[in-house]
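Student: show me how the following folds:
(chains A, B, C and D, ligands or ions: 2)
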Protein chains: 2
Amino acid sequence: MALSRNEDQRVSLHTVERLSVYRRKLEELSHEGVEFVHSHQLATMVGVTPAQLRRDLASFGSYGNIARGYEVAKMITTISRILGTDKLQNVGLVGVGDLGRALLSYRGFEERGFHIAAAFDIDPAKVGRLFAGRRCYHLDELEPVIAQSNLRIMVLASRPEGLQDIIDRAAAAGVRAFLNFVPRTTVTPPGCFIERIDISAKLEKLSFLVKQQEQCT
Amino acid sequence: MALSRNEDQRVSLHTVERLSVYRRKLEELSHEGVEFVHSHQLATMVGVTPAQLRRDLASFGSYGNIARGYEVAKMITTISRILGTDKLQNVGLVGVGDLGRALLSYRGFEERGFHIAAAFDIDPAKVGRLFAGRRCYHLDELEPVIAQSNLRIMVLASRPEGLQDIIDRAAAAGVRAFLNFVPRTTVTPPGCFIERIDISAKLEKLSFLVKQQEQCT
DNA sequence: CGCCTCCTGTGATTGACTTCACAGTGAAAT
DNA sequence: ATTTCACTGTGAAGTCAATCACAGGAGGCG
Ligand SMILES: NC(=O)c1ccc[n+]([C@@H]2O[C@H](COP(=O)([O-])OP(=O)(O)OC[C@H]3O[C@@H](n4cnc5c(N)ncnc54)[C@H](O)[C@@H]3O)[C@@H](O)[C@H]2O)c1
Ligand SMILES: NC(=O)c1ccc[n+]([C@@H]2O[C@H](COP(=O)([O-])OP(=O)(O)OC[C@H]3O[C@@H](n4cnc5c(N)ncnc54)[C@H](O)[C@@H]3O)[C@@H](O)[C@H]2O)c1
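Tutor: Residues are numbered from 1 along each chain as shown, chains lettered A, B, ... in the order given. Ligands and ions are numbered 1, 2, ... in the order given. Have a look, this model is predicted:
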């Protein structure tokens, strides 16, 4: 529902989401000096079954040593290569509001291979200024900046009005994927991907679970 | 993986997530004066198949009029009741950093039935101050404020250090559900639910998809 | 050297969600 | 009144992911 294209891939998208989790835990282990880890160890640490972890790793041909387990360092680089985060890549941001500024000042993205290289807004009070060292461009400059900074991924944190237009323009200018925080349904341009983060919906899901649990009592 | 309990429920969690999307679109339609909507209309608007929409609505006994479709106003209140957002409920927030302040100043939560009633931090520069009208308490006051404001849901936007401790204390004080923005694996206390929002992981997923698509070319 | 133990990788199975397809139905039209 | 039409609700089929369970293998140890 959230995504458009889903053609024959070697690795399932569920697996890809778990790879992020594995990698983060593996990096923790690496910092602690751990060199090898068994499937059941890592699995219990991140809350999956050992069988699922093995299957996830096997889906791209893993190198688990039967006696010693998986090599932590090698697994980190392998997962990074699969995710495409082995090199720092530029991403764009539309909407320098409260949320957009929080994203701009967050250091965690750089650690994971993402650099917010450019921001866009329409508010004259923001255009031209620097936010956490990054220039805020007017939305009119979307196309040239996308080309110049080679943006393939764009984060959407503006207002709902005109969102589809921004998506279509960005897609035409070369953006292939969108991370959308704006609670509005969108049409995914052909060849593109849109991933939604709907915080209110997550709260509603939790509210449902709490309510359901109370009723079961 | 993200959730702990998943006992025999009448409505599937996938359905619940879609209910949020349906409700948002239904509210838009309601504002436009639409009174009835057919499954295929609403389905194409939110990007699901008509069959899935009908099944989702049927899973809690829906009232679709065969000739006119579903009654928009009635469906909104029904979904709200299912999600437990028909009455405004208090939620807590831990961590008044960049992200926490963005969440505090966001008006959208109130519209969906959630009121961030209290915030917690450990930074002396923040404790005691007001943020968007809400008081920031010291983490030491977690338990009494949870009881006083009747918090069942808590949003986590602090640093990774000590996160599990906060969760355990909040759970012991009566919190049943957590929305966690902090990229650290957690242990879910019995009877509780934790929903993660991992923004970096979403970017990694998009990075994977873009990379995969380029390779397919 | 041979046995034993424990782990990985994977075929097979189960379970869950989605999609298909159609019977039943109510309203409008004639 | 009857026919027609399009839509809903749902059994059945299909699809996909998670889990089970075990064959095979690598090292440790006597
Ligand atoms: N802040 C949150 O906690 C939160 C939570 C969930 C969802 N969201 C969503 O994220 C989006 C941003 O939230 P926010 O709190 O930062 O809002 P905000 O009002 O603080 O900021 C919105 C920014 O987008 C800019 N903008 C508006 N239209 C634009 C356009 N067409 N092109 C470029 N920029 C444009 C505005 O000038 C403003 O700077 C909203 O759609 C909101 O619904 C925010
Ligand atoms: N800002 C983002 O865009 C973003 C994106 C993804 C994830 N996150 C995660 O969200 C969390 C908050 O991000 P941020 O950018 O607001 O960070 P931040 O450093 O701006 O704010 C963290 C806040 O939490 C407080 N804090 C630290 N330890 C605490 C504790 N034990 N109890 C209560 N409060 C405590 C700090 O005093 C500070 O006010 C981080 O864990 C971060 O990894 C943030």
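Student: next up, the contacts around A:Pro50.
Tutor: A:Ser39, A:His40, A:Ala43, A:Thr44 (Cβ atoms under 8 Å, 6 or more residues apart in numbering or on different chains). C-beta here means a position set from N, CA and C on the backbone, and glycine is covered the same way.
Student: for the last one, pull up the helix or strand it's in.
Tutor: Element membership for A:Thr44 (DSSP states H and E) is helix A:39-46.
Student: show the average pLDDT along that helix.
Tutor: The average pLDDT within helix A:39-46 is 95.
Student: kindly report the same for stretch A:185-198.
Tutor: Here the average pLDDT along stretch A:185-198 is 97.
Student: and it, what's buried?
Tutor: A:Thr185, A:Thr186, A:Thr188, A:Pro189, A:Cys192, A:Phe193, A:Ile194, A:Glu195, A:Arg196, A:Ile197, A:Asp198 (16 or more other Cβ atoms under 10 Å in any protein chain shown).
Student: swap in stretch A:124-137?
Tutor: Those buried within stretch A:124-137 under the rule 16+ other Cβ under 10 Å are A:Lys126, A:Val127, A:Phe131, A:Arg134, A:Cys136, A:Tyr137.
Student: stretch A:99-111 now?
Tutor: A:Leu99, A:Gly100, A:Arg101, A:Ala102, A:Leu103, A:Leu104, A:Tyr106, A:Phe109.
Student: same question for the helix or strand hosting A:Ile146, mean pLDDT?
Tutor: Using DSSP H and E, the element containing A:Ile146 is helix A:142-149. For helix A:142-149, the mean pLDDT works out to 98.
Student: is it anywhere near chain B?
Tutor: No. Helix A:142-149 stays clear of chain B (Cβ under 8 Å from any Cβ of the partner chain), getting no nearer than 13.8 Å.
Student: tell me the helices and strands packed up against that helix.
Tutor: strand A:89-94, strand A:114-121, helix A:163-172 (3 or more Cβ pairs under 8 Å, 6 or more residues apart in numbering or on different chains; DSSP states H and E).
Student: can you pull the domain assignment for chain A?
Tutor: With domains defined by automatic domain parsing, chain A comprises A:13-83, A:89-199.
Student: what residues does chain A have near ligand 2?
Tutor: A:Ala102, A:Leu103, A:Tyr106, A:Gly108 (Cβ under 6 Å from any ligand atom).
Student: which residue is the nearest non-sequential neighbour of whichever residue of chain A sits closest to ligand 1?
Tutor: Closest residue of chain A to ligand 1, Cβ to the nearest ligand atom: A:Gly97 (1.6 Å). Once flanking residues are discounted, A:Gly97 sits nearest to A:Ala157: 6.5 Å by Cβ to Cβ, 6 or more residues apart in numbering or on different chains.
Student: how about the one you found, phi and psi?
Tutor: phi -140, psi 40 (degrees, to the nearest 10).
Student: the residue most central in space within chain A: which element?
Tutor: Residue closest to the average C-alpha location in chain A (Cα atoms, centre = their mean): A:Leu179, at 7.2 Å. Taking DSSP H and E as the criterion, A:Leu179 maps to strand A:177-180.
Student: where do the helices sit along chain A?
Tutor: A:13-31, A:39-46, A:50-58, A:72-83, A:98-105, A:108-111, A:142-149, A:163-172, A:199-216 (DSSP state H).
Student: next, the angle helix B:199-216 makes with the first one.
Tutor: Inter-element angle recorded for helix A:13-31 and helix B:199-216: 120 degrees (by axes from the mean of the first three to the mean of the last three Cα atoms, to 10 degrees).
Student: same thing with the third one?
Tutor: Direction vectors for helix A:50-58 and helix B:199-216, defined by the same axes, to 10 degrees, enclose an angle of 40 degrees.
Student: what about helix A:50-58, near DNA strand D?
Tutor: Yes. Counting by Cβ under 7 Å from any atom of the strand, DNA strand D is contacted by helix A:50-58 at A:Ala51, A:Gln52, A:Arg54, A:Arg55.
Student: narrow those to those that are buried.
Tutor: A:Arg54.
Student: what is the neighbour count of A:Gln89?
Tutor: 19 (other Cβ atoms under 10 Å in any protein chain shown).
Student: which residues touch it?
Tutor: So A:Gln89 contacts A:Gly113, A:Phe114, A:His115, A:Arg152, A:Ile153, B:Ser207 (Cβ under 8 Å, 6+ apart).
Student: which one is the closest residue to DNA strand C within chain A nearest to, not counting chain neighbours?
Tutor: Closest residue of chain A to DNA strand C, Cβ to the nearest atom of the strand: A:Gly64 (3.2 Å). Distance criterion Cβ to Cβ, 6+ apart; nearest residue to A:Gly64, sequence neighbours excluded, is A:Tyr70 at 4.9 Å.
Student: from the centre of chain A, point out the most distant residue.
Tutor: A:Thr217 (37.7 Å).
Student: if we can go back for a sec, can you add neighbour count and give the contacts of A:Gln89 back as a markdown table?
Tutor: Below are the contacts of A:Gln89 laid out as a markdown table (neighbours: other Cβ atoms under 10 Å in any protein chain shown):
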| residue | neighbour count |
| --- | --- |
| A:Gly113 | 19 |
| A:Phe114 | 24 |
| A:His115 | 13 |
| A:Arg152 | 21 |
| A:Ile153 | 24 |
| B:Ser207 | 25 |
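Student: enumerate the residues of chain A near DNA strand C.
Tutor: So chain A meets DNA strand C at A:38-40, A:50-51, A:54-55, A:57-58, A:62-67, A:69-70 (Cβ under 7 Å from any atom of the strand).
Student: which among these count as buried?
Tutor: Applying 16+ other Cβ under 10 Å to the residues of chain A next to DNA strand C flags A:His38, A:Ser39, A:Arg54, A:Leu57, A:Ser62, A:Gly64, A:Gly69, A:Tyr70 as buried.
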